[in-house]
Each structure stands twice: as structure tokens, then as C-alpha cells.
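Q: I'd like to go over a predicted model; first the sequence, then the structure.
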Number of protein chains: 2
Amino acid sequence: MDQSGNIAFKPLDPLLHSELRLAVMSILITVTEADFVYIRKQTGATAGNLSVQVDKLSQAEYIEVEKTFNGKIPRTICRITEKGRSAFAEYVDTLRQYIGH
Amino acid sequence: MDQSGNIAFKPLDPLLHSELRLAVMSILITVTEADFVYIRKQTGATAGNLSVQVDKLSQAEYIEVEKTFNGKIPRTICRITEKGRSAFAEYVDTLRQYIGH
DNA sequence: AAGATTTGGTTTATAAAATAAACCGATTTA
DNA sequence: TAAATCGGTTTATTTTATAAACCAAATCTT
């Protein structure tokens, strides 16, 4: 018989348990859309780091990324998806187990 | 003049922003002491991983570790420190900025 | 009592992640 | 026209987390 005992902690979605990605999601959950530059300023992240992390969120389909031009200047717009929204909600929910309400 | 704009997110204590270390602290904050084996079972972590993370928390003085013997069997007891307690409180507080209450 | 297994860990090696540095094309400024 | 800036991406480096290997002592197994 498997007497392995119960684990008390649900795993935290590793995609969201990252300071920068969490900050990005935190912004996108409150705002219908935000561009790269805005997110960069709000988070204080370097462009390189932000580029990488936005890409990960995008590949997981937690956000969608639209590349447009503002005249001749490139503009990268990010929006949260439904999948991202519910992943975020579950992450928050799970976290409460760790930090108490 | 420095027109760098305000960063909206306070940094999260990297020592606590780790799933396993956070789980350890979460246990120790509710219980006057806990031994290695108990923490291992609650978290489901491997002994190696737990050993490393307990050591980091200990070196940061977020917890204190007492090595005793239970008869002839070694027993490692962990307790949270005041420093650990307030670091945890601040971490939780900062997190709320990211996840909303 | 010899050998295998389990317990309670630590140490070391490997994989994954975050961060920083280098770079690119276009644009504006001097 | 050269230098600096903007809006990024790509690649390299560092840091971190995780897993694998190991160790000493104790306890079962035959």
C-alpha cells in the first residue's frame, strides 16, 4: 500500500511564478491593452528581459501580442487572453494557500 | 533632469519568491517548530532540494536550524526567526500589489 | 551475522530560468 | 553626415532550482 502521505501545497504555475511575468499579467489584467513601452516603464524591466518574458507568455497563450506601426515607429500591443485570465486567477488562488488570505 | 518615470512594482524578496522556500516559511510561520522530515512530507520536496533551500533560509537568518539526535537518529529542527517573520510579512504585502488583495 | 533496505540527510552535477550584453534597423537630432 | 535615440530581438552569461549520487548509521531479512 502507498503510505506516502499528503502533500499540503499545490504547485504554483511556474509560468506565473516569475516576478516580471507576474507584473506583466498584473498590468494586463486591469487594462484592455498595453504596449511594450508602457509595460517596460511600469515594470522597470530591461527591454531584453521584457521581450523574452512577453514571448513566453505569448507562447503559452496567456497573452496575445499584436505588432503594428504607429506611423513609422513599431508598436507592440499586448492583451491578456481568457486562458491567461483564468491561469492568473488560479495562481492567485493557489498562492493563498502559501501566504494565507 | 531624470525623467525616468515611476516603476509601479516593488521588487519581491527573491529569497522568498521560490516555491519551496515559500512553502517552508508558510509552515514555519504557523507552527513553533518543525523538523526536516515533517517539512519534507508536507512539501513533497526531495531531501536534496529541501536541504539546499533550508540552508539558504538559514544563512539569511530567516530560520534557525538545530541539529539534535532523537536517540541515535539525527533530527533537524527548524524555527522561523523574527527577521524571517517580518520578511514574510513584507513579501505578502508586496505580493498584493501584483495579485490584488 | 552478513547482506540488503531504509532513514536522514549532504554534496555535486545538470537543467532551467533570469538577466545582461550585444546587436539591428529605422528615426531623429546636432 | 555623423552621432544619439527608439523599439525592439537575439545571444551569451549568470543565477537558481532540481535531480542524481552519495554517505553514515540504523534496522530489517534470511
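A: Nice, thanks for sending it over.
Q: hmm, the helix or strand where A:Gln97 lies in reach of chain B?
A: In this structure, A:Gln97 sits in helix A:82-99 according to DSSP states H and E. Yes. Helix A:82-99 comes into contact with chain B (C-beta under 8 Å from any C-beta of the partner chain), by way of A:Tyr91, A:Val92, A:Leu95, A:Gln97, A:Tyr98, A:Ile99. The way it works is simple: take the backbone N, C-alpha and C, and place the C-beta from them, glycine included.
Q: which one (most neighbours) among these?
A: A:Leu95 (21 neighbours; other C-beta atoms under 10 Å in any protein chain shown).
Q: do you know the pLDDT at that one?
A: Listed pLDDT for A:Leu95 reads 95.
Q: same question for A:Glu90.
A: Reading off the model, A:Glu90 has pLDDT 96.
Q: neighbours around it, how many?
A: Residues contacting A:Glu90 under the criterion other C-beta under 10 Å number 14.
Q: burial count for the closest residue to it other than its chain neighbours?
A: Using C-beta to C-beta, 6 or more residues apart in numbering or on different chains and skipping residues adjacent in sequence, the residue nearest A:Glu90 is A:Asp13, 7.0 Å away. A:Asp13 has 18 neighbours, counted by other C-beta under 10 Å.
Q: which SS state does A:Asp13 fall under?
A: Classification of A:Asp13 by DSSP: H, G, I helix; E, B strand; the rest coil places it in coil.
Q: surely it meets A:Thr94?
A: Yes. Between A:Asp13 and A:Thr94 there is a contact at 7.5 Å, judged by C-beta atoms under 8 Å.
Q: and which of the residues of helix A:82-99 next to chain B is nearest DNA strand D?
A: A:Tyr98 (13.4 Å; C-beta to the nearest atom of the strand).
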